[in-house]
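*Asks:* Next one to model:
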Amino acid sequence: MTINFLFGLSGFSGLITAFIVCLSLIVLSIVLHKQKSSNLIKIFYILIYAQTILLGLALLSLNFLIQRNAFEYSVVFNSIESAMTWYQKLGGLWSGQASSLLFWSFIMSAASLLSVILARRFSYDSYIPSIVLIFECTLIFFILPDIFFASPFEKSWTLPSGNITYALFPPLDATLFIPVAGRGMNPGLFHTAMLLHPPFLYMGLIGFFLPYSFALSSLIQNDQKADWVILVFPFVTAAWIFLTIGMFFGSWWAYSISGWGGYWGWDAVEISGLLPWLLSFGLVHSMSMQVNGRSNTKWIYLFSFGVIIFTLFGIFITRSGILESVHTYSSGAMGPALVILIILHISAVIIFSHKSRLIFNKEPTRPSNFYSEKLFRWFKICLLFLTALYLFGQTLPLTSQLIPGVKMSFSQYDYETTSSPLLLMLVILAGLYPIAHLKDADENKFKRILSKLIIISALCPLILLAFFAISFFALLGFWAAAFLLCSWLYAFGREIIFRFRARVKKEKLFSKRIGLGTIVVHLGFAVMVFGILGAENLSSIYEVYLGVGEEIKMGGFTLTGQKDRDYITENNISLSEFSIMVHAPTGSFRELTPNVGYYPKLDIFNAQPAIYSDLFRDLKVMIHQLPITPNEKTGVYIAILPLMGWIWIGGVLLIIGSLINLLAHRKSQPKKTRKD
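*Replies:* Reported below is the predicted structural model:
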């Protein structure tokens with residue numbers, strides 16, 4: 001009995017026991033809806049803790065197998081190779097379908113446990129059976145495939161015929177097959193961002209199950225109060241931060257490797273992540289207003305339900321392979337199972353929304369905040385229309401075959417042109433918010449400040465016209481981005497003045513101020529918009545052939561071919577490199593070395609670009625054709641992307657601002673239990 005066998009056995013035992021516990025919790029949840037029993041409740045709480053521990057044991061066991069290079073296990077063989085570092089091997093926990101389902105199941109079980117702890121601590125005991133039922137009925141659909149279809153703990157076996165099969169236990173007369181080395185990951189996945197992208201994405205998406213479970217439970221319990229919003233709001237903010245980090249890691253990864261359409265390629269699975277992220281904006285804004293005393297209950301319910309439905313739909317797209325995507329796994333049995341799961345959730349939302357008229361109650365308005373609330377309302381409506389538009393484009397290859405009978409699809413141009421008006425409106429609405437309070441208090445002052453902001457913002461497109469040939473619509477976008485930036489810089493100035501005045505006069509800060517975290521978030525949004533507009537509208541793309549010692553000039557850069565080199569690495573990878581010295585317009589210089597490698601284990605080629613980056617522009621170089629003879633030149637793809645770095649700077653500011661808001665909310669949140 002080997003150590004690998006013990007790890008595999010403990011992992012499989014933890015997984016199968018967690019499945020039994022999950023079934024037990026579903027049954028107990030249903031029973032506790034009808035009758036209260038102190039003994040059952042004690043068992044109930046023990047099982048919730050046990051389930052998370054068991055799934056954690058299974059995940060740790062799989063990690064031990066991966067770190068020990070246990071190649072007899074198919075997941076390990078297909079995910080890693082011996083030469084990988086320990087942190088690179090961690091990616092094996094989510095690079096395959098079976099392992100990623102186990103990782104997702106553990107996080108979801110932990111989120112279920114967190115929900116129960118919160119509900120018990122803040123006296124929402126009546127919600128607990130409903131919360132657990134919602135989580136467990138979802139969780140079981142992710143555990144089932146790992147047990148009955150493709151287990152992460154199945155091993156390779158050699159049959160008497162010589163064929164290789166995969167099973168948990170040895171087939172008749174079969175012997176264990178232990179490969180000398182693993183196949184390893186796709187070389188495009190060897191990137192820090194790709195290592196971090198899936199776990200942050202998972203934690204973000206699963207985090208939104210907390211407001212979803214509380215919202216649906218309140219409908220099941222027909223509870224007219226929405227006090228739970230204050231309870232879960234910090235966790236919603238944290239989930240949004242995780243999801244945003246995951247999205248930006250994915251974009252950074254796509255930008256840093258070849259063949260992925262820049263930082264965003266409008267792939268079907270990429271859109272699946274975008275839809276819940278867009279709706280999460282509306283959820284965070286609505287919950288923030290609710291916490292600050294402005295009722296937004298029906299919007300909170302709408303966005304809470306929408307985020308989860310679109311999350312499950314995105315998982316369906318990823319796991320079923322129903323839409324073509326470089327991200328998707330093989331279909332297997334996940335497709336039909338996820339269809340059933342989505343139908344169950346949609347049915348539950350419809351039935352209990354109809355049964356409880358809570359979300360249809362008319363909400364009171366506050367005249368003093370009428371204009372700001374109107375802006376919020378239009379902002380949320382734009383988010384809904386934008387989500388519907390992207391969903392239409394994503395599913396067009398399917399829906400077009402059902403109605404006209406001819407397969408159609410949305411191109412990148414279609415996505416960008418059709419969504420531009422809505423995105424423009426979102427930016428303008430966000431830019432109006434810092435001065436919205438003046439609309440009701442002093443309309444003349446509102447008009448004066450608005451006029452000044454509009455005029456100052458117009459300088460941006462005028463400056464751009466002096467250096468670039470740019471379309472009217474792009475100029476309009478840059479004006480809106482400048483308006484957004486100037487407006488929130490004005491809010492930042494007011495914030496500093498208010499804080500200085502309060503400190504000098506030893507007064508309390510004004511309650512109607514815009515918080516520092518909110519200002520930083522929107523400044524980050526403005527910077528990111530500038531980056532997207534610059535990369536999309538001001539970029540230049542070239543295909544050139546460059547020899548050693550030759551020099552070319554483009555976009556203010558000077559590129560000189562240095563040397564080319566072909567060699568074979570210790571892992572038997574054939575690499576071809578071409579070094580280029582880049583002199584930037586600022587006077588700085590750097591040597592870039594893009595390469596093309598052949599990976600014999602996977603029988604694939606991979607081109608790795610090299611990137612020069614500063615505050616105002618990026619230069620991306622990638623080999624697209626290697627010379628066959630010594631006299632031939634190297635074919636090089638060159639992209640000059642102005643303001644590309646502003647996308648990453650904006651993303652960092654978004655996250656920093658959200659963290660400031662999260663810390664500020666936790667400090668100000670009263671530690672009181674619920675009063676019915």
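
*Asks:* Quick check: I43 touching V27?
*Replies:* No. Applying CB atoms under 8 Å as the test, I43 and V27 come out as separate, 11.1 Å apart. C-betas here are computed from N, CA, C, even on glycine.

*Asks:* Between those two, which is the more surrounded one?
*Replies:* The residue with more neighbours, out of I43 and V27, is I43; 14 against 11, by other CB atoms under 10 Å.

*Asks:* just how off-centre is the helix or strand containing that one within its chain?
*Replies:* Here I43 sits within helix 38-67, counting by DSSP states H and E. With CA atoms, centre = their mean, to the nearest Å as the basis, helix 38-67 stands 26 Å off its chain's centre.

*Asks:* and if you look at stretch 34-50?
*Replies:* On the basis of CA atoms, centre = their mean, stretch 34-50 sits 35 Å off its chain's mean C-alpha point.

*Asks:* For that stretch, list the C-alpha coordinates in CSV.
*Replies:* Only the C-alpha atoms of stretch 34-50 are listed here, as CSV (Å, rounded to 0.1, in the frame of the first residue of the first chain):
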residue,chain,number,x,y,z
LYS,A,34,-42.3,21.3,8.3
GLN,A,35,-41.3,20.6,11.8
LYS,A,36,-38.8,22.0,14.3
SER,A,37,-36.7,19.5,16.3
SER,A,38,-33.7,20.5,18.5
ASN,A,39,-32.0,17.1,17.9
LEU,A,40,-32.4,17.4,14.1
ILE,A,41,-31.1,20.9,14.2
LYS,A,42,-27.9,19.8,16.1
ILE,A,43,-27.3,17.1,13.5
PHE,A,44,-28.0,19.6,10.8
TYR,A,45,-25.3,22.0,12.0
ILE,A,46,-22.8,19.1,12.5
LEU,A,47,-23.4,17.9,8.9
ILE,A,48,-22.8,21.3,7.4
TYR,A,49,-19.4,21.6,9.0
ALA,A,50,-18.6,18.0,8.2
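
*Asks:* What residues of it count as buried?
*Replies:* For stretch 34-50, burial by neighbour count (16 or more other CB atoms under 10 Å) applies to F44, Y45, L47, I48, A50.

*Asks:* List the neighbours of that stretch that are in contact with it.
*Replies:* Contacts of stretch 34-50 with the rest of the structure, by CB atoms under 8 Å, 6 or more residues apart in numbering, involve 21, 24-25, 28-29, 31-32, 112-113, 116, 128-129, 132.

*Asks:* I'd like these laid out as JSON lines, including neighbour count and secondary structure.
*Replies:* Output for the contacts of stretch 34-50, formatted as JSON lines (neighbours: other CB atoms under 10 Å; DSSP: H, G, I helix; E, B strand; the rest coil):
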{"residue": "V21", "neighbour count": "23", "secondary structure": "helix"}
{"residue": "S24", "neighbour count": "16", "secondary structure": "helix"}
{"residue": "L25", "neighbour count": "26", "secondary structure": "helix"}
{"residue": "L28", "neighbour count": "21", "secondary structure": "helix"}
{"residue": "S29", "neighbour count": "20", "secondary structure": "helix"}
{"residue": "V31", "neighbour count": "14", "secondary structure": "helix"}
{"residue": "L32", "neighbour count": "19", "secondary structure": "helix"}
{"residue": "S112", "neighbour count": "26", "secondary structure": "helix"}
{"residue": "L113", "neighbour count": "18", "secondary structure": "helix"}
{"residue": "V116", "neighbour count": "23", "secondary structure": "helix"}
{"residue": "I128", "neighbour count": "21", "secondary structure": "helix"}
{"residue": "P129", "neighbour count": "26", "secondary structure": "helix"}
{"residue": "V132", "neighbour count": "28", "secondary structure": "helix"}
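
*Asks:* tell me the helices in the stretch 51-200 of the chain, going along the chain?
*Replies:* 74-79, 86-89, 92-95, 97-121, 128-148, 192-207 (DSSP state H, counting those that start in this stretch).

*Asks:* any idea of the mean pLDDT for the second one?
*Replies:* Which is helix 86-89. In this model, helix 86-89 has an average pLDDT of 88.

*Asks:* what sits in contact with each of I43 and V27?
*Replies:* With CB under 8 Å, 6+ apart, I43 and V27 have no common neighbours.

*Asks:* related to what we said a few turns ago, could you give the angle of the helix holding I43 to helix 128-148?
*Replies:* 40 degrees (axes from the mean of the first three to the mean of the last three CA atoms, to 10 degrees).

*Asks:* angle of helix 38-67 against helix 97-121?
*Replies:* Interaxial angle, helix 38-67 versus helix 97-121 (the same axes, to 10 degrees): 150 degrees.

*Asks:* list the buried ones in the strand or helix carrying F7?
*Replies:* Using DSSP H and E, F7 sits in helix 3-34. The neighbour-count check on helix 3-34 (16+ other CB under 10 Å) flags 4, 7-8, 10-12, 14-19, 21-22, 24-26, 28-29, 32 as buried.

*Asks:* List the neighbouring strands of the longest strand seen in the chain plus their orientation.
*Replies:* Looking across the chain with DSSP state E, the single longest strand is strand 557-568. With DSSP bridges as the test, strand 557-568 is paired with strand 551-554 (antiparallel), strand 574-583 (antiparallel).

*Asks:* Return the set of buried residues in the shortest one.
*Replies:* Neighbour counts over strand 551-554 (16+ other CB under 10 Å) mark I552 as buried.

*Asks:* same thing with stretch 468-485?
*Replies:* Per 16+ other CB under 10 Å, stretch 468-485 contains these buried residues: I470, A474, L475, G477, F478, W479, A480, A481, A482, F483, L484, L485.

*Asks:* Kindly indicate which of these lies nearest S451.
*Replies:* Closest to S451 out of those is F483 (11.7 Å), distances taken as CB to CB.

*Asks:* dump the residue contacts of the closest one.
*Replies:* By CB under 8 Å, 6+ apart, F483 lies in contact with V427, I428, G431, L453, I454, S457.

*Asks:* what's the nearest residue to it if we skip its chain neighbours?
*Replies:* Using CB to CB, 6 or more residues apart in numbering and skipping the chain neighbours, the partner closest in space to F483 is S457 (4.0 Å).

*Asks:* do the same with N186
*Replies:* L602 (6.7 Å).

*Asks:* That neighbour should be in a helix, yeah?
*Replies:* No. Counting by DSSP: H, G, I helix; E, B strand; the rest coil, L602 is not part of a helix but coil.

*Asks:* From I470, how far out is it?
*Replies:* Plainly put, L602 is 43 Å away from I470 if you go by CB to CB, to the nearest Å.

*Asks:* Kindly report the same for K601.
*Replies:* Look at K601 and I470: by CB to CB, they are 47 Å apart.

*Asks:* next one: F71
*Replies:* Taken as CB to CB, the span from F71 to I470 is 55 Å.
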